[in-house]
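Enquirer: have a look at this prediction, sequence included:
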Amino acid sequence: MASIDTSLAAGQNRPAVVHATGLGKTITFSAYLAAYLAAHPRERGLVLVHRDELATQARNKIHS
């Protein structure tokens, strides 16, 4: 997550994070979103996916 913070501090608005299948993309963005929202309690997050299965997986990870 430090590299995401570094990219944002350098002025990049949409840094890309790339992981191969099974290496924790959902866990990575869930942890980052949780940390960001804890630091910015008046903000909200939006996760867009193209499959119902991915939406359920993301929701479960974010809530855990």
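Expert: Arrived safely.
Enquirer: the biggest helix by length in the chain packs against which elements?
Expert: Counting residues, the longest helix in the chain under DSSP state H turns out to be helix 25-39. Using 3 or more Cβ pairs under 8 Å, 6 or more residues apart in numbering; DSSP states H and E, the elements in contact with helix 25-39 are helix 52-63. Any C-beta I mention is one placed from the backbone N, CA and C, and that applies to glycine too.
Enquirer: can you tell me which residue is spatially central in this protein?
Expert: residue 29 (2.1 Å; Cα atoms, centre = their mean).
Enquirer: what about this structure, any weak spots by pLDDT?
Expert: 1 (pLDDT under 70).
Enquirer: residue 45 - how many residues pack around it?
Expert: 13 (other Cβ atoms under 10 Å).
Enquirer: show me the contacts for it.
Expert: 33, 36, 37 (Cβ atoms under 8 Å, 6 or more residues apart in numbering).
Enquirer: work out for me the element it sits within.
Expert: Counting by DSSP states H and E, there is no helix or strand that carries residue 45.
Enquirer: still on that earlier bit, what about burial for the contacts of residue 45, which qualify?
Expert: Buried members of those, counted by 16 or more other Cβ atoms under 10 Å: residue 33.
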